[in-house]
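In: Return atomic coordinates for the entry below.
(chains A, B and C)
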Amino acid sequence: MSAPIEGSGKHVRHHAIGMSALQRLVRVPAFWVLIGVFGITLAAPLIAPYGPTTGDPAAKLLPPSVQHLMGTDSYGFDVFSRVLYATRTDLPVAILSVVIAVLIGLPAGTLAGYAGGWFDEIAMRFTEIGQAFPQILFAMAIFAAFGNSQATLVGILVVLNVPVYLRMVRSVVMPLREAEYIAAARLSGNGTMSIVMRHAMPNALVPVFSQFSISAAFGIQLIAGLSFIGLGVRLPEPEWGSMISIGAGGLVFGQWWPSFFPGVAIAVTSYALIGVGNELRRIVLRER
Amino acid sequence: MEALLRVSGLRVGFGAEEPRSLATRDVGFELASGERLGIVGESGSGKSTTALAIVGLLPRNATVEQGSVIYNGQELVGLAERQLRAYRGREIAMVFQNASTALNPLIRVGDQIADVVASQQRVPRRRARDHAVELLTEMGIVDAIRNARSYPHEYSGGMAQRALIAMALACHPRVLLVDEPTTGLDPIVQAQVLDKIVERVVEQEMSLIVISHDMNVILRTCTHVIVLYAGQVMEAGPCQEILRNPQHPYTRALLDTEEPGEGGKFSFIPGRVPTLTREFAGCAFYDRCQLRASLGNPMICVTSRPPETAHGEESRVTCHFLSATDL
Amino acid sequence: MTDGPPLLELRDVSQRYRARGALLRRSSVQALKGINLTLESGRTACLIGETGSGKSTLGRILVGLTTPSDGTVLHRGRPITQLRGPAWREYRRSVQMVFQNPTGSFNPMLTVGASIRDALRFSPLPGASSVPNAARLLEQVELAPQLADRYPDEVSGGELQRASIARALATEPTMIFLDEPASALDVSIRGQIFNLLRRLQDERGLAYAIVLHDMATVRVLGDDVFVLYLGESVEYARQRTFRRPAHPYAIALLSASPIEAERRNIRRLELPDVGTSVSPPPSGCPFQPRCWLHRELGQPERCLLEKPLLSLIEPEHEVACHYADLSLGRATNHVRTSGRDLAAQPDQLEIGGS
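Out: All right, here's what the predicted structure looks like:
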């Protein structure tokens, strides 16, 4: 038996020696689903049998068949192709807006939580105002003011997400003020900004990881909700929510496929995002 | 006399993957009625695990692989949770480490104790509260009525420890188990709390098990002691005898560290307690043993497990070189 | 005696907190009152006191983490509140701290090495924040360089505390404040920390202010001893004179340590345990409610009416007690009312260092 080496550490709690983050991720099914969804986003034109807006009005509302795997909708478009192409609308918008929200919310929340003072006051007022509005109404107002475009959509999602991250990060960082290792960092000579960037923010990242994917998933659902009422993405752009909306009227008549498949797509993508987010959080926390 | 509590061959493994690490390897000891036994060893020796195994509160990833815990003739290992509850608290009460986190910060201390009294003894609330005040007073808390209405954060470390012990004694158990009762306490308070524990235990004719990494704590409170290292009993016997004539090199090393430094140098045991698997052969203490160096690193210490041999009237030692420790 | 102003000095330092009392009760807590303390290179000042004595607050003030509500902290003769720019940075790097609990003092998201390298950024030495420099520091505290790649929760308490010392050394300090550096560790490895501190002091001429509980360690390690009770200094002794501690609280501490009690033939002394919600100290001596000497002397009124001030009872030894000359005599097993000291055996109490 080998001798206990000074400094060799206790039994190593974190993931088996040598497993990097990537190796952990590949073992999670959600990761592959997400890869698949990203793949579709990139390769949609290659995979889809038809264009998103090529259709034959005579061929409308055909049930799923060999030529149309998911049937056709009321415009005669191939549902399958539109489901695939819709990834190019939903995903980039959802993910981009969350990324921007984190880029703003993370440093702002850390500074507010650690330094407090006037910055914290202003930040909290902003989040309170931002979260006071019902989301759909807020979106409608912004669309009315700035026009119905994808850029506006991203902007709305950013504004809705920043308060979430700001508050979350702030609540994680605030107790750190008293943490001994923060005091130790001050003693070494770190100034406030240095502590915020090097010590406080990494800790704040932990909840961000789990929240990130949930936000993205909800973002997709919000986009879907907005296009359901005609805002955000305009017809005939393929977007899962608007597809559900268009097809909803036909459900009563037994035409389930135009709404069903986009719905499944949303669910699957949400699952993939949340699953990957969970694993990322576990990786950051070095849990088994 | 039939022992009240008999632990034998206790082997607790933990972890999900094979080979499992062993927290304890064949731990065995007896506790007679009215006896006070100390379990001493560094962090990682398996002391707390042994205690948790006795009361059936091992964490989820740890299981008793072998061995038995017989209390009053009844085997506790393998009992269902429902059956164990009859023993926990009522027969065997345990006070965990970290007194300050064991009390609910949102409930008044007196009420927490009264809760225990009320649930275990089925007495009305008012009587339970009075009893709680009595218990606090018995544990040496002054102004018990006012303090019973206070919240844990208003208690000093020593008071919190006393309150926890009062809670443990609320059900008049026959065995009291305290795990590191002096953590975080000032030395004066430590001495007082320890003396109080002994006083209560003796008066109520209970048995006591004290777990500590500090030999002084054991010597102050117990009549007998077992020295645990890497989950194995290295030495056991009456306190006075172990103190006067320690046989095992680990016991000697531990006692040495309690001595103040001479000439500016403090004594300590370099290295750390290893975590062993079932496959481990040889003596667990080999790497840190000062005796083996002086004996020229004998091979037997590496290849075969040292036997447990009786020594004196009531003691036993686990070492290959029993007679040679008189060097 | 060194020339020039002392390394670090506290002059009449007090600290008052606006406490959040239960519910809406506002009260202010006097954590420290009128503390005078001097630290010099190569010397170890032992701070003794129980929970609530203000020792931790004192430490934070020493290292500049807290500004006292009254009094001055002087670094090489200059008040630290007046230091700017390079002078402030010089103070900042030369006064460091080691915390009681090693686990809390390292950022759980960073490896031990990363934490040390962060401190190395402020080192005056060239080549600062590098992996080899971090390894060098780890070696100085007798740790393997591989420890740098581990996270704090993968390292044992004793190793982590030594890493904490390594981090404190990163800025090449001249003084380190240590708050009970070994009390969170097993008794079996405490000695390693103290031996290490001793060696580092000999090599680097460091000044230490160490909060300690264990009187035996104080005896071996301490050059100067300060005893704190409820925020006030009640005894101060330089070097050997603490062989004859005079304040009843200090003597009670000795009685609680089995080795010291036996060595000096001190009997068991009882001190009632009071909670944190203690009623404000009465006029007179703050220790009186718990004082064994007060009880034994028949509860003299002077203790209730007149607050004892720190006064010299022999060269380099001050005590705040009206009956300081009687205390040690009373505590030993052979009681003599003349107060002549019979218990101390000077020849055995050799304290290392200058």
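In: going forward, measure contacts between C-alpha atoms and count neighbours the same way
Out: OK.
In: Am I right that B:I54 falls within a strand?
Out: No: counting by DSSP: H, G, I helix; E, B strand; the rest coil, one finds B:I54 to be helix, located in no strand.
In: Give me the nearest residue to it, chain neighbours excluded.
Out: Nearest residue to B:I54 in three dimensions, chain neighbours excluded: B:V69, at 6.4 Å (C-alpha to C-alpha, 6 or more residues apart in numbering or on different chains).
In: For burial, what's the neighbour tally of that neighbour?
Out: 25 (other C-alpha atoms under 10 Å in any protein chain shown).
In: Repeat that for A:V66.
Out: Per other C-alpha under 10 Å, the neighbour tally for A:V66 reads 8.
In: again with the one 5 residues further on
Out: As a burial measure, A:G71 scores 25 neighbours (other C-alpha under 10 Å).
In: OK, contacts around A:I136?
Out: For A:I136, the contact set (C-alpha atoms under 8 Å, 6 or more residues apart in numbering or on different chains) comprises A:L226.
In: Work out for me the element it sits within.
Out: helix A:135-146 (DSSP states H and E).
In: Could you do B:V225 as well?
Out: Here B:V225, judged by DSSP H and E, is contained in strand B:224-229.
In: Output the below-cut-off pLDDT ranges for the chain.
Out: Picking chain A for this. For chain A, the stretches flagged by pLDDT under 70 are A:1-19, A:287-288.
In: Let me rephrase: I mean chain B.
Out: Looking at chain B by pLDDT under 70, you get B:1, B:261, B:323-327.
In: need the residues of it near chain A, please.
Out: When proximity is defined by C-alpha under 8 Å from any C-alpha of the partner chain, chain B lies next to chain A at B:271-272, B:274-275, B:280-281, B:287.
In: before we move on, what about the stretch 201-350 of chain C?
Out: By C-alpha under 8 Å from any C-alpha, no residue of the stretch 201-350 of chain C approaches chain A.
In: Contacts only, for residue 55.
Out: You didn't pick a chain, so chain A it is. Residues counted as contacts of A:G55 (C-alpha under 8 Å, 6+ apart) are A:75-78.
In: Actually, chain C is the one I wanted.
Out: By C-alpha under 8 Å, 6+ apart, the contact set of C:K55 is C:47-49, C:211, C:228, C:231.
In: Could I get the CA-only coordinates of stretch C:231-238 as PDB?
Out: What follows is stretch C:231-238, C-alpha atoms only, in PDB (Å, rounded to 0.1, in the frame of the first residue of the first chain):
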ATOM      1  CA  GLY C 231     -13.200  44.000  25.300                       C
ATOM      2  CA  GLU C 232     -10.700  45.300  27.800                       C
ATOM      3  CA  SER C 233      -7.100  44.500  28.500                       C
ATOM      4  CA  VAL C 234      -6.900  43.100  32.000                       C
ATOM      5  CA  GLU C 235      -3.400  41.800  32.000                       C
ATOM      6  CA  TYR C 236      -0.200  42.400  30.100                       C
ATOM      7  CA  ALA C 237       3.100  40.700  30.700                       C
ATOM      8  CA  ARG C 238       6.300  40.600  28.800                       C
END
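In: residue nearest the centroid of the chain?
Out: Answering for chain A, as no chain was given. A:A216 (1.4 Å; C-alpha atoms, centre = their mean).
In: To clarify, I was referring to chain B.
Out: With distances taken as C-alpha atoms, centre = their mean, B:I211 lies nearest the centre of chain B, 2.4 Å away.
In: quick revisit: pick the one among the contacts of C:K55 closest to A:Y50.
Out: Taking C-alpha to C-alpha as the measure, A:Y50 sits nearest to C:V211 out of the contacts of C:K55, at 77.8 Å.
In: give me the beta-bridge partners of that closest one?
Out: C:L47, C:D179 (DSSP bridges).
In: what number of residues lie near it?
Out: Residues near C:V211, counting by other C-alpha under 10 Å, number 26.
In: quick one: contacts of the helix or strand hosting C:E159?
Out: In this structure, C:E159 sits in helix C:157-169 according to DSSP H and E. With contacts defined as C-alpha under 8 Å, 6+ apart, helix C:157-169 is touched by A:7, A:188, C:96-99, C:101-103, C:105-106, C:112, C:115-116, C:119-120, C:137-138, C:140-143, C:152, C:176, C:181, C:184-185, C:189, C:193.
In: Also stretch A:177-192?
Out: A:114-115, A:176, A:195, A:199, C:63, C:65, C:89, C:92-93, C:95-97, C:99, C:104-107, C:118-119, C:122, C:168, C:171.
In: Just the buried residues from those, in PyMOL please.
Out: PyMOL command restricting the contacts of stretch A:177-192 to the buried ones, with burial defined by 16 or more other C-alpha atoms under 10 Å in any protein chain shown:
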select buried, (chain A and resi 114+115+176+195+199) or (chain C and resi 63+92+93+95+96+97+99+105+106+107+118+119+122+168+171)
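In: Count the neighbours of the residue of the stretch 51-200 of chain A found nearest chain B for me.
Out: In the stretch 51-200 of chain A, the residue that lies nearest chain B is A:E180 (17.3 Å; C-alpha to the nearest C-alpha). By other C-alpha under 10 Å, 20 other residues sit near A:E180.
In: Then C:E306?
Out: Neighbour count of C:E306, defined by other C-alpha under 10 Å: 12.
In: any idea which helix or strand comes after the lowest-mean-pLDDT helix or strand in chain C?
Out: Across the helices and strands of chain C, mean pLDDT, DSSP states H and E gives its lowest value to helix C:258-263, namely a mean of 81. Using DSSP H and E, the helix or strand that directly follows helix C:258-263 along the chain is helix C:292-296.
In: Determine the set of other helices and strands touching that next one.
Out: Applying 3 or more C-alpha pairs under 8 Å, 6 or more residues apart in numbering or on different chains; DSSP states H and E, one finds that helix C:292-296 contacts no other helix or strand.
In: Just the mean pLDDT for that helix, thanks.
Out: Helix C:292-296 shows a mean pLDDT of 88.
In: buried stuff in that helix?
Out: Applying a neighbour-count criterion of 16+ other C-alpha under 10 Å, one finds C:292-294 buried in helix C:292-296.
In: List just the nearest of those residues to chain A.
Out: Closest to chain A, out of all of these and judged by C-alpha to the nearest C-alpha, is C:W292, at 37.0 Å.
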